[in-house]
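Asker: With the sequence up front, the predicted model follows.
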Amino acid sequence: MSGPTSPPIQPTEPAPPTETAPPTVHLRVSRLRTGDRKPHFDDFECTPEPGATVLNVLIEIRRRHDPSLVMRHSCMHASCGTCGVRINGREALACDTKVASLTTPTIDVEPLANQRPVADLATDMVDFYARLEAVGFPLVRTAEAAGSAPPEGVRAYTRFENCIECGLCLSACPISRTDRSYLGPAALAAVARVADEPRGQPLGPVLALAAEPDSVWRCRDAMQCTAVCPSAVDPARALLGLRRRVAFRRVRSLFGRGAL
């Protein structure tokens, strides 16, 4: 006689997948308008898409939360330099900074320093461009033929024209913070490029400008300009090379050898 049979095992249905809520980002955005005595922060909660940049979040804030937010942007791929800001106290391009790369619970976004504020995250770049114009930039350069050798006296081409004129180096420079007359890293890197590759431009005026007290001699080698440069221009290295050239020119002049 057989014993009692066990009831058939009923198949269990898999548990429904647990939906994970998208991460929320807390931004504190600097705000400043005409008549304000000093800037203040406004707080925003956003839910960015995976891979979003700080610029994406700022655009979302302007579209969905506060259309009065003033900022600059253009190309969206780190070529134009217009979206330069300070993110958590460090200069960066908003379009080139992934939200996921920032580990702080709150992201502070402020305008660039050492430039006159216009409104919110926008600054007046007139002084920055005036520094470049003082050294003869922007210049229209004749393109070199492919594979051509560098001019006499130049060992290799260095692409200082990679500068996208974003102003990050000027904002990060501690000397520019205390001396408004300092020519600044971007302009001095431009002088170095002219000195290395003059293409018919007289070197005397630009080297004389670099030799002024508020030019190469004011730099304190903090290297912050190179640290924040998004285009690998390395203005600190260019400035150091320019300083050596100016010093050599001065020594030759003192000994009556003539200036280079």
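Answerer: Cool, the structure landed. If you're wondering where the values come from, they're calculated on a predicted model, not measured in any experiment. Numbers count the residues shown, from 1 in each chain.

Asker: Pretty sure residue 26 sits in a strand.
Answerer: Yes. Counting by DSSP: H, G, I helix; E, B strand; the rest coil, residue 26 is part of a strand.

Asker: Tell me who's in contact with it.
Answerer: Listed by CB atoms under 8 Å, 6 or more residues apart in numbering, the contact partners of residue 26 are 43, 44, 45, 105, 106, 107. Every C-beta, even on glycine, is put in place using the N, C-alpha and C of the backbone.

Asker: just residue 46 next, same as before
Answerer: By CB under 8 Å, 6+ apart, the neighbours of residue 46 are 24, 25, 27, 57, 60, 61, 65.

Asker: Please apply the same query to residue 169.
Answerer: Contacts for residue 169 (CB under 8 Å, 6+ apart) come out as 91, 184, 185, 186, 224, 225, 226, 228, 229, 235.

Asker: Ok, residue 220 next?
Answerer: Residue 220 neighbours (CB under 8 Å, 6+ apart): 174, 175.

Asker: returning to that earlier point: restricted to strands, list the contacts of residue 169.
Answerer: Counting by DSSP state E, the contacts of residue 169 place residue 91 in strands.

Asker: Out of the contacts of residue 169, which end up buried?
Answerer: Buried subset of the contacts of residue 169 (neighbour count, 16 or more other CB atoms under 10 Å): 91, 184, 185, 186, 224, 225, 226, 228, 229, 235.

Asker: wait, which of the residues you listed is closest to residue 136?
Answerer: The nearest member of the buried ones among the contacts of residue 169 to residue 136, counting by CB to CB, is residue 186 at 13.4 Å.

Asker: quick one: that closest one and residue 173, what's the gap?
Answerer: Distance, residue 186 to residue 173, using CB to CB, to the nearest Å: 9 Å.

Asker: what do you get for residue 197?
Answerer: The gap separating residue 197 from residue 173 is 24 Å, by CB to CB.

Asker: These two: which is more packed in?
Answerer: Between residue 197 and residue 173, counted using other CB atoms under 10 Å, residue 173 has the larger neighbour count: 27 against 18.

Asker: center of the chain, which residue is that?
Answerer: residue 168 (3.6 Å; CA atoms, centre = their mean).

Asker: Quick one: residues contacting it.
Answerer: Contacts for residue 168 (CB under 8 Å, 6+ apart) come out as 81, 84, 91, 92, 93, 112, 228, 229, 230.

Asker: where does it land on pLDDT?
Answerer: Turning to residue 168, the model gives it a pLDDT of 97.

Asker: go on, residue 96?
Answerer: Value for residue 96, per-residue pLDDT: 96.

Asker: and it, how far is that from residue 182?
Answerer: Between residue 96 and residue 182 the distance, using CB to CB, works out to 26 Å.

Asker: ok, the two, which is more surrounded?
Answerer: When residue 96 and residue 182 are compared on other CB under 10 Å, the one with more neighbours turns out to be residue 182, at 22 against 16.

Asker: I believe the more buried one is in a strand; please confirm or correct that.
Answerer: No. Counting by three-state DSSP, residue 182 falls outside a strand, being coil.

Asker: wouldn't it be in contact with residue 218 here?
Answerer: Yes. Between residue 182 and residue 218 there is a contact under CB atoms under 8 Å: 5.0 Å.

Asker: For the stretch 151-260 of the chain, which segments are assigned as strands?
Answerer: For the stretch 151-260 of the chain, none of the segments meets the definition of strands by DSSP state E, counting those that start in this stretch.

Asker: picking up where we left off before, just put the contacts of residue 46 in a markdown table and tack on pLDDT and neighbour count.
Answerer: As requested, these are exported to a markdown table (pLDDT from 0 to 100; neighbours: other CB atoms under 10 Å):
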| residue | pLDDT | neighbour count |
| --- | --- | --- |
| 24 | 90 | 9 |
| 25 | 93 | 20 |
| 27 | 97 | 23 |
| 57 | 97 | 23 |
| 60 | 96 | 18 |
| 61 | 97 | 20 |
| 65 | 95 | 15 |
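
Asker: now, which of these sits nearest residue 100?
Answerer: Nearest to residue 100 among the contacts of residue 46, with distances taken as CB to CB, is residue 25, at 9.7 Å.

Asker: If anything else comes up later, I'll come back, but that's it for now.
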